[in-house]
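Peer 1: Model the following, please.
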Amino acid sequence: MASKAQSSDPRFGVLLRYLVSHRLFVYLGGLVVIGIPIILQRAYGTELSPGTRTAIVVVSLLVMIVTYIGERRVGSDHVDERTGESTESYSLRLRVSVATAIVGLAIGIYVAMEVNVFSGFLFILGACLFGYMGYRTEESDHDGV
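Peer 2: Numbers count the residues shown, from 1 in each chain. Coordinates of the predicted model:
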């Protein structure tokens, strides 16, 4: 049986599978595209209008969100073929720690580009360690420790 995303519109399922197969490019490319206005301003003194910057961020985030939805709906190895539902279950603690790490990463990138590179690096390092802590805690819970 096909997943919910595939059964509603076959073209949308094809789009989701395409985005999922190129997800690393989508996520990293989205971050690069979001940072381009800041790079243009620092390197060349060219400043984009606030509306243009907002449009760039919104479109990039929408593409990344659709890619994530594709991972959850038609993603690679974690979908039950019979029901189309996800076979993975993540604890609330892991989800909160990963979400917090992502927010810390975004703040770190902003601080590194706008305030101070060293302070931004500390935020990024802390975010990575926080996310790692969540995954490590999840692994130890499954091992029975």
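Peer 1: C-alpha from now on. contacts and neighbour counts both.
Peer 2: Fine.
Peer 1: tell me the phi and psi of Thr46?
Peer 2: phi -90, psi 130 (degrees, to the nearest 10).
Peer 1: what's the spacing between it and Ile39?
Peer 2: Separation of Thr46 from Ile39 (C-alpha to C-alpha, to the nearest Å) stands at 9 Å.
Peer 1: so Gly134 makes contact with Val98?
Peer 2: Yes: contact criterion C-alpha atoms under 8 Å: Gly134 and Val98 qualify, at 6.8 Å.
Peer 1: which parts of the host helix or strand of Thr100 are buried?
Peer 2: Element membership of Thr100 [criterion: DSSP states H and E] is helix 92-114. Using 16 or more other C-alpha atoms under 10 Å as the test for burial, helix 92-114 gives 94, 97-98, 101-102, 104-112.
Peer 1: helix or strand right after the helix or strand bottoming out on mean pLDDT in the chain?
Peer 2: Ranking every helix and strand in the chain by mean pLDDT, DSSP states H and E puts helix 4-8 at the bottom, with a mean of 47. Using DSSP H and E, the helix or strand that follows helix 4-8 towards the C-terminus is helix 10-21.
Peer 1: Where does Val26 fall, secondary structure wise?
Peer 2: helix 23-44.
Peer 1: okay, that helix in CSV with CA atoms only?
Peer 2: Extracted in CSV, the C-alpha atoms of helix 23-44 (Å, rounded to 0.1, in the frame of the first residue of the first chain):
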residue,chain,number,x,y,z
ARG,A,23,18.1,16.1,1.2
LEU,A,24,21.7,16.9,2.2
PHE,A,25,21.9,19.3,-0.7
VAL,A,26,18.5,20.8,0.2
TYR,A,27,19.4,21.4,3.8
LEU,A,28,22.9,22.7,3.3
GLY,A,29,21.9,24.7,0.2
GLY,A,30,19.0,26.2,2.1
LEU,A,31,21.4,27.4,4.9
VAL,A,32,23.8,28.8,2.3
VAL,A,33,21.0,30.6,0.4
ILE,A,34,19.8,32.1,3.7
GLY,A,35,23.3,33.4,4.4
ILE,A,36,23.9,34.9,1.0
PRO,A,37,22.4,38.4,1.8
ILE,A,38,24.7,38.7,4.8
ILE,A,39,27.7,37.6,2.7
LEU,A,40,26.8,40.1,0.0
GLN,A,41,26.5,42.9,2.5
ARG,A,42,29.8,42.1,4.2
ALA,A,43,31.9,41.4,1.1
TYR,A,44,30.5,43.9,-1.4
